[in-house]
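Chemist: got a predicted structure plus its sequence, pasted below:
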Amino acid sequence: MSSDISNSGHKPDGSAKQKAPPVSQPKFWNDPKKRSLLFQVLLLSILGFVFYTIIDNTLTNLEQRGITTGFDFLSREAGFGIAMSLIDYTEASSYGMTFIVGLLNTILIAVLGIIAATILGFILGVARLSDNWLVAKFSALYIEVFRNIPLLLQIFFWYYAVLRTLPQPRQSIEFFGSFINNRGFIFPAPVPEAGFGWVTFGFFAAIVASWLIARWARKRQELTGQQFPVALTTIGLIIGVPLVLFLFSGMPLGLDHPELKGFNFKGGITVIPELIALWLALSIYTAAFIAETVRAGILAVSHGQTEAATALGMSKAKTLRLIVIPQALRVVIPPLTSQYLNLTKNSSLATAIGYPDLVNVFAGTTLNQTGQAIEVISMTMAVYLALSLMTSFFMNWYNARIQLSER
Amino acid sequence: MSHSQATDKMMVELRDLNKWYGEFHVLKNINLEVKQGEKIVICGPSGSGKSTMIRCINHLEEHQKGDIIVNGIPLNEDIKNIEAIRKEVGMVFQHFNLFPHLTVLENCVLAPIWVKKMPRKQAEAEAMELLERVKIPDQALKYPGQLSGGQQQRVAIARSLCMNPDVMLFDEPTSALDPEMIKEVLDVMIELATEGMTMLCVTHEMGFAKTVADRVIFMDGGQIVEENEPHEFFNNPQHERTQLFLSQILQH
Amino acid sequence: MKYELQPTLPPPANMIGVIGWLRKNLFNGPVNSIATIVVGYFLISFLVPTIQWIFIDSDWVGDSRDACTSGGACWVFIANRLDQFLYGFYPEAEHWRVQIAFIILIGSIIWLVLPKTPKKGLVATLLLVVYPVVAFFLLYGNAFGLTRVETHLWGGLSLTLVLAVVGIVASLPLGILLALGRQSDMPIVKSVCVIFIEIWRGVPLITVLFMASVMLPLFFPEGMSFDKLLRALIGITLFQSAYMAEVIRGGLQAIPKGQYEAADALGLGYWQKMILIIMPQALKLMIPGIVNTFIALFKDTSLVLIIGLFDVLAIGQAANQDPEWIGYSTESYLFVALLFWMFCFSMSRYSQHLEKALNTGHGNRA
């Protein structure tokens, strides 16, 4: 505790910081400053002792079991295969690579899950407040059913009771050149040909153009009061421009069709059933929580706000866009971020059905093969910790910004 | 008009008291001496530091420079001294701060039992006596939430008196009350004053000041601007700042 | 103008009755009408066959899969393994011990939940302090003439409840200390608590369980071995205490500053202030939060199957692998889901009810 004057807060229970006591020197144990110092030193030494004992024991135990320590194992050859990888990975790759592969798979499932859960959650949250009785009750039923059943059970259900009972590859369900069977979902892979660059270019050009138009429209509205349908133009440009270019350049996109060879499919893109099951379960489960968050956000905007906007002559859509949504988002975004974080942490349940995420590949197979529990678990925990720290930094930044603009 | 009951014994002494909130200098060189039995009324605009000053006396706020001596005990780093001072100083807050989870009687006997280690029977008997003095013995078994604001504030006064304090601090005791309840609280305070309690009251009840105060203190900007006996203070304010304040406060 | 008493007329026919209700709630405007039809169609086409499968076309009695002939759900499978779902591999002759333990638990919870029962504080204290000891001797035995039942035999719903109840009871005191520490003026105490809380809240429970099962044995001297269940309990308690601390901190922050000041002004010391004034008020505010973390914990206990304990979900998983009953996994998942759902849903209803009661306020905020 500094004795700096500027540091003395508004504490009802704080310690005195007066320099020169006028009459008597207090006894050592009655001086709160010294007392708290002593207490803290004591706490630190106990913690130090505990950690020392733990580390000492661990080193002894590791030595007895013949396990080396340190991070050298990361460069050794892994020697096991991984069912799904976003980057090149073979059995000859290093243990370090298994970490990267697992991490990328975790990020993949997190991103996919967040997108789906957000869409589903917002729809359900709004539906929950619908004045249509059936829609509102349906949404309530969904929320109450799915958020009160363990996620792991839902993952198992989708994986073992639904996806694994699908037909063998030979009896696949086929539609539009895609196949569904108990090995997953197989669809044709798009292969860009010469001239596809134009389409990509058109896409980015459309984004830039939309941004310019939005700026122009806002300026014009400020000057003249005329409004411009920005949203519609943006959607039209971003879909239309690449589409027109695609058609004019002679549709430069081939498809790599999957074909049944022996017992399995060759070619195309295969989405493994573990990914599908995990994605379904995570999205469906988290959507129930997001729906509650959205509902709370909308309810937090007082009815008076809507009435005031209506009294000013705003349409229902304008009221929603200009009054309700901006206020509701402020309430919704912080808990929404923590739901995203939960989803990411929950994706670690992947290991129970064998989706090769960070926990499954790295804290599972790699840990079992190397036996280096301390290093592996610490690295895994560090990844999740880093994610959650980033999330809380974002939330602090966001809350600070909001509080600033509320003044 | 008030007739002073002050003795020569020094009860509260503030010497060159200074306090800062961060960079903000809230109290500047406050000097104040209160003798046993004296009643001091402190007034001033909001943010003038008057509440902060009396809250320093029982160490709800800590000061950075200067000395505070209560009944001969210096307020310093020694928690024994802080504890001793808090036993001798009662405080009544603007928002009563009764403990909502305890009944009126439990509120009153809590500190005598736990701080003074008094037997429960005796504490309850004394508390009932005091509740009678503030004229609400029949509410003893109710919870604070069931009482009106004026009743709650009278309980709060009784709760402080249960510790048998030598000094009472009042921090705007009537400003959170509805007008019709102010009188019942002031009556209790006046009665207490006539019994010879040493009192420091932060209040804007000028009628109260005229009736009981030995001295009125006007504070502004963290300083004591003027200090005088009530008649002089109200009829012949010396300082321009005091005149302005009085004209604003007495307008209605 | 002459004043005449106007008769009270009923509202127009399209505002009341079944038609009025339908118009107002299902078909006010084209968008709503379409939504009603779409959702209605979905519900009918999904719910009707499901209900038929679960209740109408299903088989309930028998003792082998041959009894399942009607093409619907085969509840015979569940009925045959009900004992395992409830008690795991706990010896059948000793089931009464589990039953007594849970009757006491449920009895005291009902006592606490009912609004007008006396001596709630005493019951709660007994439940938090005495009951765990009693339950331990009942379940584990090896004393008072009860035979020992090793923890690897524990399983099913009773293991799930043991994990959840121990997790919550053990994390409460730890959580209180952490929350107080986090509010402390002492920088080292404060940072130790913040770091502890943030680490456990930042990582998924599964890594904590891995840590408890793989790393914990390494932390202790050779020869000191831990029961697998105990390791899981340690992991769960540490993890849960961080969440508990945050709930408690929320409750502490909701107590007005005036309460702290009044206690100080009366001369109460730090612990007197906390125990007599702040905690009793804060705990009341925290109960909904505690119930909510308990729901989360209750669902999370299913993760212990990953480290090889047989909670109710793991029993279901194991049953699905039984070659005798292959193909009925949906039934077992539905049954386990129903068990979890009943507990979680009723607890969440209770916590919502408490929140409402707190929000409407009994006005006793000074």
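Modeler: Perfect, thanks for sending it. Everything numeric in this text was worked out from a predicted model, so none of it was measured.
Chemist: CA only for contacts and neighbour counts going forward, please
Modeler: Will do.
Chemist: all helices for the stretch 51-200 of chain A, in order.
Modeler: A:95-128, A:133-146, A:151-156, A:196-224 (DSSP state H, counting those that start in this stretch).
Chemist: what sits up against the shortest one?
Modeler: Contacts made with helix A:151-156 from outside it, assessed by C-alpha atoms under 8 Å, 6 or more residues apart in numbering or on different chains, are listed as A:277-278, A:280-282, A:285, A:349, A:352-353, C:299, C:302-303, C:313, C:333, C:337.
Chemist: can we see that at 6 Å?
Modeler: A:278, A:281 (C-alpha atoms under 6 Å, 6 or more residues apart in numbering or on different chains).
Chemist: what's opposite residue B:216 in the beta bridge?
Modeler: Beta-bridge partners recorded for residue B:216 (DSSP bridges): residue B:41, residue B:228.
Chemist: let's have the helices of the stretch 51-200 of chain A in CSV, adding mean neighbour count and mean pLDDT.
Modeler: As requested, the helices of the stretch 51-200 of chain A are arranged in CSV below (neighbours: other C-alpha atoms under 10 Å in any protein chain shown; pLDDT from 0 to 100):
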stretch, mean neighbour count, mean pLDDT
helix A:95-128, 21, 92
helix A:133-146, 19, 91
helix A:151-156, 23, 94
helix A:196-224, 15, 87
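Chemist: relative to residue C:77, which of those helices is closest?
Modeler: With distances scored as C-alpha to C-alpha, the stretch of those nearest to residue C:77 is helix A:151-156 (18.2 Å).
Chemist: check contacts around residue A:185.
Modeler: Per C-alpha under 6 Å, 6+ apart, neighbours of residue A:185: A:179, A:270, A:271.
Chemist: out of the residues you listed, name the ones that lie in strands.
Modeler: With strands defined by DSSP state E, the entries of the contacts of residue A:185 inside them are A:179, A:270, A:271.
Chemist: returning to what we had before: report the buried members of the contacts of residue A:185.
Modeler: A:179, A:270 (16 or more other C-alpha atoms under 10 Å in any protein chain shown).
Chemist: redo the contacts of residue A:185 as JSON lines? Include pLDDT and distance to chain C.
Modeler: Below are those laid out as JSON lines (pLDDT from 0 to 100; distance: C-alpha to the nearest C-alpha, whole Å):
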{"residue": "A:179", "pLDDT": "84", "distance to chain C": "23"}
{"residue": "A:270", "pLDDT": "82", "distance to chain C": "26"}
{"residue": "A:271", "pLDDT": "86", "distance to chain C": "23"}
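Chemist: so which of the contacts of residue A:185 comes closest to chain B?
Modeler: residue A:271 (59.3 Å; C-alpha to the nearest C-alpha).
Chemist: what mean pLDDT does stretch A:44-61 get?
Modeler: Summarised as a single mean, pLDDT over stretch A:44-61 is 88.
Chemist: check which residues of that stretch are buried.
Modeler: So for stretch A:44-61, counting by 16+ other C-alpha under 10 Å, buried means A:54, A:56, A:57, A:58, A:59, A:60, A:61.
Chemist: so where's chain B shaky on pLDDT?
Modeler: B:1-4, B:251-252 (pLDDT under 70).
Chemist: one more: chain A?
Modeler: A:1-29, A:403-407.
Chemist: pull up the gap between the closest residue to residue B:141 other than its chain neighbours and residue C:284, please.
Modeler: Counting by C-alpha to C-alpha, 6 or more residues apart in numbering or on different chains, residue B:141 lies nearest to residue B:103, which is 5.5 Å off, once chain neighbours are set aside. Noted for residue B:103: a distance of 16 Å to residue C:284, by C-alpha to C-alpha, to the nearest Å.
Chemist: do residue C:160 as well
Modeler: Applying C-alpha to C-alpha to residue C:160 and residue C:284 gives a distance of 27 Å.
Chemist: and the two? which has more neighbours close in?
Modeler: Taking other C-alpha atoms under 10 Å in any protein chain shown, residue C:160 and residue C:284 do not tie; residue C:160 has more neighbours (25 against 13).
Chemist: my guess is the more buried one meets residue C:313, correct?
Modeler: No. Residue C:160 is not in contact with residue C:313 according to C-alpha atoms under 6 Å; the separation is 8.9 Å.
Chemist: name the nearest residue to residue B:53, sequence neighbours excluded.
Modeler: Per C-alpha to C-alpha, 6+ apart, closest to residue B:53 is residue B:27, 7.2 Å.
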